[in-house]
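K.L.:
My questions are about this predicted structure, shown below with the sequence.
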Amino acid sequence: MSRFEIHPSTKLFFVLLAGLALLFNPFVPGIHIGDGDVYRYEAAQVEYQDDGSLQATSVRSGEVRENLPIDDEIICTRLGVSRRCQFEYHVLNGGNVSTIGIGGARYEYAYLGGRLYRPDSVGERGDERMTLEPVNDSDPLASVATQDTSSTERRLVNEGRIKTYRELPHEEQLVEVDGEYYTIYATAHRSFYGLGGASRCVSSGDGFCESANQKRLVDTGLTLASWLAGLWLLLRVRRRMRRS
């Protein structure tokens with residue numbers, strides 16, 4: 001036997017390892033038949049400008065995005081005026097609003113007129129009123145962004161768009177990855193019900209509803225192929241061991 005020839009028992013061992021790896025591969029996308037969901041998420045990089053404004057730029061297209069829910073600690077970034085924003089605009093315009101019965105603000109910043117403000121109060125105790133102070137911090141987003149991101153979310157901020165079977169934990173939240181800030185937002189969702197093919201899809205009509213179904217089929221096929229290949233290799237090992 002040549003010194004470079006692999007012993008049959010060693011070959012059998014490697015075949016066994018390959019079979020087990022294919023059968024118990026943790027990276028296969030799984031079986032997706034019947035009930036289930038497919039979500040599509042996108043990410044935008046958020047930058048704090050020198051003039052106090054925020055700019056959100058799509059990672060995928062490079063376009064500046066308006067009307068994005070950046071974070072629940074930063075209110076009024078979306079177009080339209082909610083009751084909370086109406087209140088803050090009233091305060092910003094000099095409205096005399098007492099803090100009595102209001103309590104502390106439940107958000108870090110208000111984004112009004114294209115810049116960040118921090119809710120505060122002025123006056124003596126018992127005669128305090130609400131106020132808004134312009135934010136002049138060099139890095140105000142650090143106080144609201146989270147660094148506790150999942151591997152899927154980190155892949156999202158690198159690729160700009162992904163499809164996934166699970167809701168991301170920081171949807172419509174500001175995250176920090178490698179010193180940069182990003183907001184994560186869902187752009188499409190399809191729910192499947194039972195084995196009959198019934199589903200409900202919410203999308204912008206750009207082909208997601210069809211591609212969500214294709215993703216389930218392809219991922220299921222890849223998973224089954226991995227399992228079957230692993231079983232086939234293990235059966236080969238079993239037959240070889242019986243012959244020896």
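P.N.:
That came in fine, so what should we check first? Note that the coordinates shown come from a computational prediction; the quantities given were computed from them, not determined experimentally.
K.L.:
ranges for the helices of this structure?
P.N.:
8-23, 83-92, 151-159, 208-243 (DSSP state H).
K.L.:
name the helices or strands packed onto the first one?
P.N.:
The reference is to helix 8-23. For helix 8-23, the packing partners by 3 or more CB pairs under 8 Å, 6 or more residues apart in numbering; DSSP states H and E come out as helix 208-243. Glycine gets a C-beta too; all of them are placed from N, C-alpha and C.
K.L.:
Give me the buried positions along the helix it packs on.
P.N.:
208-209, 211-213, 215-216, 219-220, 223, 226-227, 229-230, 233-234, 237 (16 or more other CB atoms under 10 Å).
K.L.:
So what's the residue count around the nearest residue to residue 113 once chain neighbours are set aside?
P.N.:
Distances taken as CB to CB, 6 or more residues apart in numbering put residue 92 closest to residue 113, at 7.4 Å, once the chain neighbours are dropped. Other residues lying near residue 92 total 17 when counted by other CB atoms under 10 Å.
K.L.:
now do residue 47
P.N.:
Neighbour tally, residue 47, other CB under 10 Å: 13.
K.L.:
And it, how far from residue 175?
P.N.:
Distance of residue 47 to residue 175, given as CB to CB, to the nearest Å: 14 Å.
K.L.:
and residue 158, what does it touch?
P.N.:
residue 59 (CB atoms under 8 Å, 6 or more residues apart in numbering).
K.L.:
could you redo the last one with a cut-off of 10 Å?
P.N.:
With contact taken as CB atoms under 10 Å, 6 or more residues apart in numbering, residue 158 is in contact with 43, 59, 177-178, 182.
K.L.:
And the least confident helix or strand in the chain by mean pLDDT, what's buried?
P.N.:
Here the helix or strand of the chain ranked lowest by mean pLDDT, DSSP states H and E is strand 198-202, holding a mean of 81. By 16+ other CB under 10 Å, the buried positions in strand 198-202 come out as 199, 201.
K.L.:
just stretch 108-119 next, same as before
P.N.:
Quick answer for stretch 108-119 (16+ other CB under 10 Å): 108-112, 115-119.
K.L.:
Quick check: end-to-end length of that stretch?
P.N.:
End-to-end distance of stretch 108-119 (CA to CA, to the nearest Å): 7 Å.
K.L.:
For that stretch, give me every contacting residue.
P.N.:
Residues outside stretch 108-119 that contact it (CB under 10 Å, 6+ apart): 48-49, 51-54, 70-78, 84-85, 87-89, 91-93, 104-107, 130-137, 140-141, 143-144.
K.L.:
at 6 Å instead, please
P.N.:
Applying CB atoms under 6 Å, 6 or more residues apart in numbering, the contact partners of stretch 108-119 are 52-53, 73-77, 88, 92, 105, 132-135, 144.
K.L.:
from the middle of its chain, how far away would it be?
P.N.:
On the basis of CA atoms, centre = their mean, to the nearest Å, stretch 108-119 sits 24 Å off its chain's mean C-alpha point.
K.L.:
what's the closest non-adjacent residue to residue 163?
P.N.:
Nearest non-adjacent residue to residue 163 (CB to CB, 6+ apart): residue 40, at 5.2 Å.
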